[in-house]
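*Asks:* Would you be able to build a 3D model of this:
(one chain, ligands or ions: 1)
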Amino acid sequence: MSDSSEPVCPFLDPTAAAMHAEAAELRAQGPAVLVELPGSIKAWSVTRHSVIQALTLDPRVSRDFRRHWPGIGEVPDGWVLGSVAFQDSLVNRYGEEHRQARGRIAPTFLPRRVKLMRPQVQATADRLVAALGALEPGEQADLRGALARPLTMTVICDLFGVPEEMREALGALIDQVLDSSLEEEVAFAAQTELYVRLGELAVYKRANPAADLTSDLLLSDRPGEQPLAEHELVGTLFTMIAAGFETAVNLIASAALEMLTHPEQLARLRAGAIDWTDVIEETLRLEGPVMYVPLRYALEDIDLGEGVLIAKGDPIMVGFAAAGRDPQEHPDRPDEFDPARADKGHLAFGHGPHFCVGAPLARLEAEIALSTLFEQLPELALAEPGQWPARLPSLIVNGPESVDVVPRPRTGTA
Ligand code: HEM
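*Replies:* Below you'll find the model as predicted:
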C-alpha cells in the first residue's frame, strides 16, 4: 500500500460519537487520508465534496471486492464493515455487470412509480401518528421506534413481500450488522444469522410467489436475463431491505430532531416561508443518513494532488455525509441547520453510477412522515429539551439513536 513515510494513520472511531468533527479534521488534512478501520484494515477516507464527486465518477474506481481488492485475504471473519463491503448485489458490481444488476431493480423506484406509492405510505403514516396522538398527555414516545422505523420498514417489506412475522427479526439483525462498534464474534454471529433469515425468506418466496419484487427477482423471464442465483438473491434482498429502511429512518429522525430543536424554523414552516422539501434537503446536507460506504478499490494508481497518491488495489471509504459540511462547498455556516439557505447541495444519495436507487422513495417517505407528524400533533415537543440523543454507533449510517418526545404535553388540550 502506501510508503512508510506516511504520517501517523488515524483510527476511525467505530462508535462514531464525534463523526462530524472527525470528518472535518480528515477533510482539512488532504483530498484523501489513509485511516485505520476496525479489523486493522487500512483505507483512504475521502471527505471533500469535489473529491467524492470525482472518485465516484472515475472508471478507475470499482466496488467489486472479488475482482479488485487484492488485500481481501487480510480481512478477519466477522469484520464489522463486511456486511456492506461484501454484499453480493448491485452495490458491489462494476461496469456492465453493475448496469445489468441495477437494471433489474431501478425501474420500480423511478419517480413516476414512486408517486403511485403515496396513498399507501400516507395510510401507514396516518396510522402510526394516530397511535402517538392516542397516548396520554405527558406520556413519552420515541419517534424513531414509533414512526420512522415502522413506516420505512413497512413500505420496503410490503414492496418485497416480506411476511409480517419475519420483519421484526430481520430489522433487528440489520440494525446489528450496521453497528461498527461490535466485537468481531458478535458481528460474525449476527451476520450469519441474518443470512440464515434471508435464506428462509428466499425459500418462503419460492414456495409462495406473489405480486412483489422478490417474486419478480426469482421468476425473472425477461429476454436474455437469468433468474438470480440463490447467493445473489439473498444479497440483493439484504441490500434492498437494509438500504430501504436504515437510511430513510435516519432522515426522518434527524429532520424531526432538527425541527424540534429549532422552533423558529418550525414557525417559518407553519407560516409558509419554507416547506418540507427545504427541511428535507437541508437535513440531507447537514446530517447525511449514510456516512461511509465500504469500500471502493483503485484499479490503477490515482494521483489526487497535494502529494496524495492512492495506489492500485488500495481500498477507499467515501464519506458521503461529510460532503454536505465541506466549507469549500458551503462557505456560509456549513455546520448550521438553515432550511432557507440557497446552497443546500449535498451528496447524501451518492453520485455517479451507484447513485441511490431509492432517493425518490426516501424523499416521499420523509415528506409524508414529517408533514403528518407535525400537522397532526401541533404540540409535539422533545421529552428532554437541551439533551442531544446519542448517535448510532456506526461508520455506515448516521442518525440519532432515539428521538424521545411528548406527543401531547400534560398541560395541553390537543
Ligand atoms: C434518505 C435515505 C437514503 C439515503 C441517504 C441513501 C443513500 C445512498 C447512497 C449514499 C448510495 C450510494 C452508495 C455508493 O455509491 O457507494 C445509495 C445507493 C443505493 N441505495 Fe440508497 N439511500 C437512501 C434510501 C434508499 C431507499 C429507500 C432505497 C430502496 C428503495 C435505497 C436503495 C439503494 C440502492 C439499491 C443503492 C445501490 C445503487 C447502486 O449500487 O447502483 N436507498 N444510497
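*Asks:* what about the closest residue to residue 234 other than its chain neighbours, how many neighbours?
*Replies:* Once flanking residues are discounted, residue 234 sits nearest to residue 198: 4.5 Å by Cβ to Cβ, 6 or more residues apart in numbering. From N, CA and C alone the C-beta is placed, and that goes for glycine too. Residue 198: 22 surrounding residues under other Cβ atoms under 10 Å.
*Asks:* same deal with residue 362?
*Replies:* 29.
*Asks:* In a strand, it, correct?
*Replies:* No. With DSSP: H, G, I helix; E, B strand; the rest coil as the criterion, residue 362 is helix rather than part of a strand.
*Asks:* How about the residues of the protein by the ligand?
*Replies:* Residues of the chain lying close to the ligand (Cβ under 6 Å from any ligand atom) are 56, 90-91, 102, 105, 109, 239-240, 243-244, 247-248, 251, 289-290, 293, 320, 348-350, 354, 356-358, 361-362.
*Asks:* Which ones among the residues you listed lie within strands?
*Replies:* residue 293 (DSSP state E).
*Asks:* circling back: looking at it, the residue nearest to residue 234 is touching residue 232, isn't it?
*Replies:* No. At 11.6 Å, residue 198 does not count as touching residue 232 under the criterion of Cβ atoms under 8 Å.
*Asks:* On the pLDDT front, check the residue nearest to residue 234 for me.
*Replies:* Note on residue 198: pLDDT of 94.
*Asks:* quick revisit: out of the residues of the chain next to the ligand, which end up buried?
*Replies:* 56, 90-91, 102, 105, 109, 239-240, 243-244, 247-248, 251, 289-290, 293, 320, 348-350, 354, 356-358, 361-362 (16 or more other Cβ atoms under 10 Å).
*Asks:* Which parts of the stretch 201-350 of the chain are strands?
*Replies:* Using DSSP state E, counting those that start in this stretch, the strands found in the stretch 201-350 of the chain span residues 292-298, 302-305, 308-310, 315-319.
*Asks:* Including mean pLDDT, could these go into a markdown table?
*Replies:* Listed next are the strands of the stretch 201-350 of the chain as a markdown table, based on pLDDT from 0 to 100:
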| stretch | mean pLDDT |
| --- | --- |
| strand 292-298 | 97 |
| strand 302-305 | 98 |
| strand 308-310 | 98 |
| strand 315-319 | 98 |
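*Asks:* possible to save those strands as a markdown table with distance to residue 15?
*Replies:* Listed next are those as a markdown table, based on distance: least, Cβ to Cβ, whole Å:
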| stretch | distance to residue 15 |
| --- | --- |
| strand 292-298 | 14 |
| strand 302-305 | 28 |
| strand 308-310 | 27 |
| strand 315-319 | 16 |
